[in-house]
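In: Give me the fold of what follows.
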Amino acid sequence: MFDWKNIIIILQIYQSALFAVLSFILFFRHGNYSKKYLGWFMLTSAFFAVYKGAYSPGLYHFFWYLFPLGIPLFLTFFPVFYYYIKSLIIQEYHFTRKEYIHLLPAFLLFVLSLPYYFMTYDRQEAFATHGTGLFDNEWLTFLKVAYYLFVYGYFNVQVVLYSIKIARLYKLHKSNIESVFSYRESIKLSWVIILTMMMIGFLILLDLSYIIGWNEHDKFHVFINLAVVLIILFFAIFGFLQQDIYPHTELVSEAPEELRDAHPVVIENLTTDQHPAGSFINRQTEADNTVVEPGDEVDGLRVKKYAGSGLTEQQKKVLARKLDKLMKEQIYLNGKLSIDDVAEKLDTNSKYLSQVINESHQLNFYTYINTFRIREAQRLLKDSHHQKYSIQGIARLAGFTSKSSFNEAFRRIIGMTPSEYLEKE
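Out: Here you go, the predicted model:
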């Protein structure tokens, strides 16, 4: 008869180890920064599965040796997952010394467990299996209490704490999308929230199983291990498909803060005041969201809008005029256009550019660029030479990466869908 529990654990080990190796390859060979943290999560998962699998007939000696590593590894799952989310959402995120604080509880528990290796084999077996004869030793009593506090106390605090942190990062990301990008496809990160909810639901079910007594049944352990495999598979697939949202350079975080805003605005002499870039009537006015810069504090969400901006009125007019000229070159037809791309072409930085767009048009970058695209789409829809094109084809020609994003932007800016617009023409 097959031992399905161990078969599923072996599958988890193989799956996690394979994805860990592939993640590190993508990081080292192709520079996909977030894959480094995905790899660490998968590697941690593989080691923890080895720990679980060792509690099997014939492997008990190996399990006694691994026992002090099991719970500390368990306590690193949420911190490493949090690092991965930060590597996606925070521009120029890099692991720093202060990040080690998230791993400190797991390290402290491992240090407390070190005397375990100096016990006799009988005591190790009794300790690992909650056997008798332990409480005649004060240290073992203390260690057992510490284990219970970390597993049933601190870990539940972890679940709440990191769920809140991840939700706040996601909220910040949604806010920043329209300040930095002209598109949403592949950067919405909705799957991150789904995965977080799956993990929380799984852990709640696991806690309930000990209260209700489901954990006493072998079939429940098979179900739990299968759920773990599926959650990890979900994470691995979406993690591999998810590309880095922001580019990462190893030296940026080490540069002086005053040098991180590269490319100052070039001052030109103005003979006459001209209209700001892309002046036209819009149906909707939106407040700009703050672009997160490397020097801003993110965990506390203390992000200052245009903090310390040195732009003078003359510089704003210069930048607006240069932007207007660039828009006439139809740069907005690039479906993956970001504010950094535009800032680089204008020899300025994203914070200054965001400020000019916001103050000149009361629009964020997303709506500003998509207004040009919608205007181009309107022209194409009216053009008899493009009548053979489908709405999706028109969307592509106008710079949109999908029909859904085209419909959403068209409705937002024009007030109706492209189909409704065609019917009125």
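
In: So Leu169 versus Ala106, what's the distance?
Out: Here the criterion is CB to CB, to the nearest Å. By it, Leu169 lies 21 Å from Ala106. The C-beta positions use only the backbone N, C-alpha and C, and glycine is treated the same way.

In: dump the residue contacts of Ile331.
Out: If you count contacts by CB atoms under 8 Å, 6 or more residues apart in numbering, Ile331 has them with Leu337, Asp341, Val342, Lys345.

In: tell me which of these is nearest to Ile369?
Out: For those, the closest approach to Ile369 (CB to CB) belongs to Leu337, at 6.1 Å.

In: measure that closest one to Tyr14 for me?
Out: As judged by CB to CB, Leu337 and Tyr14 stand 41 Å apart.

In: Between those two, which has more neighbouring residues?
Out: More neighbours surround Leu337 than the other of Leu337 and Tyr14, with 18 against 12 (other CB atoms under 10 Å).

In: For burial, what's the neighbour tally of the residue lying closest to the more buried one once chain neighbours are set aside?
Out: Among residues not flanking Leu337 along the chain, Ser182 sits closest, at 4.6 Å (CB to CB, 6 or more residues apart in numbering). Number of residues near Ser182 (other CB under 10 Å) recorded here: 29.

In: quick revisit: now that we have the contacts of Ile331, which one has the most neighbours?
Out: Busiest of the contacts of Ile331 [other CB under 10 Å] is Val342, holding 24 neighbours.

In: So it: helix, strand or coil?
Out: For Val342, the assignment made with DSSP: H, G, I helix; E, B strand; the rest coil gives helix.

In: i'd like the first residue to be 8 from this point on
Out: Right, with 8 as the first residue, what we last looked at is Val349.

In: For Tyr359, see how far away it is.
Out: 11 Å.

In: do the same with Thr203
Out: Here the criterion is CB to CB. By it, Thr203 lies 35 Å from Tyr359.

In: Looking at these two, which is more packed in?
Out: For Thr203 versus Tyr359, neighbours defined as other CB under 10 Å are more numerous around Tyr359 (23 against 19).

In: thought the more buried one was touching Ala327?
Out: No: Tyr359 lies out of contact with Ala327 (CB atoms under 8 Å); the separation is 10.9 Å.

In: ok now the helix or strand containing Ile173, how far from the chain's centre?
Out: Element membership for Ile173 (DSSP states H and E) is helix 162-187. Put simply, helix 162-187 sits 9 Å off its chain's centre (CA atoms, centre = their mean, to the nearest Å).

In: Give me the next element, helix or strand, following that helix.
Out: Counting by DSSP H and E, the element after helix 162-187 in chain order, helix or strand, is helix 197-219.

In: Just the buried residues of the helix or strand just after that following helix, please?
Out: As assigned by DSSP H and E, the chain's next helix or strand after helix 197-219 is helix 225-248. By 16 or more other CB atoms under 10 Å, the buried positions in helix 225-248 come out as 227-232, 234-236, 238-239, 242-243, 245-246.

In: List the buried residues in whichever helix or strand comes after helix 225-248.
Out: Counting by DSSP H and E, the next helix or strand C-terminal to helix 225-248 is helix 320-335. Within helix 320-335, the residues that qualify as buried are Gln322, Lys323, Lys324, Val325, Leu326, Ala327, Arg328, Lys329, Leu330, Asp331, Leu333, Met334, counting by 16+ other CB under 10 Å.

In: Distance of the fourth one relative to Leu353?
Out: Translated: Val325. Applying CB to CB, the value for Val325 to Leu353 is 10 Å.

In: ok, now the third one?
Out: Taking CB to CB as the measure, Lys324 and Leu353 are separated by 13 Å.

In: How about the second one?
Out: Lys323 sits 12 Å away from Leu353 when distances are taken as CB to CB.

In: cool, the fifth one as well?
Out: Distance of Leu326 to Leu353, given as CB to CB: 7 Å.

In: How about the first one?
Out: Here Gln322 is placed at a distance of 12 Å from Leu353 (CB to CB).

In: contacting residues around Val199?
Out: Val199 sits next to Ile92, Leu95, Ile173, Tyr177 when contact means CB under 8 Å, 6+ apart.

In: mind running it again at 7 Å?
Out: Each residue near Val199 by CB atoms under 7 Å, 6 or more residues apart in numbering is listed here: Ile92, Tyr177.

In: Do you know the pLDDT at it?
Out: Reported pLDDT at Val199 in the predicted model: 94.

In: now do Ser120
Out: The model's pLDDT for Ser120 equals 85.

In: looking at this, it is in a helix?
Out: Yes: assignment of Ser120 by three-state DSSP places it within a helix.

In: Touching, it and Pro75? I think so.
Out: Yes: between Ser120 and Pro75 there is a contact under CB atoms under 7 Å: 3.5 Å.

In: Between the two, which is the more surrounded one?
Out: Set Ser120 next to Pro75 and count neighbours by other CB under 10 Å: Pro75 wins out with 22 against 19.

In: what about the more buried one, distance to Tyr154?
Out: Taking CB to CB as the measure, Pro75 falls 10 Å from Tyr154.

In: Likewise for Tyr375?
Out: 56 Å.

In: Comparing these two, which residue is more hemmed in?
Out: Tyr375 (27 against 18).

In: Do you know the pLDDT at the nearest residue in space to Leu326 that is not next to it in sequence?
Out: Nearest residue to Leu326 in three dimensions, chain neighbours excluded: Val363, at 5.0 Å (CB to CB, 6+ apart). Among the per-residue scores, Val363 shows a pLDDT of 91.

In: Could you grab the helix/strand/coil label for Leu370?
Out: coil.

In: Spit out the contact partners of the residue most central in space within the chain.
Out: Closest to where the C-alpha atoms of the chain average out (CA atoms, centre = their mean) is Ile92, at 3.2 Å. Counting by CB under 7 Å, 6+ apart, Ile92 makes contact with Ile173, Leu176, Val199.
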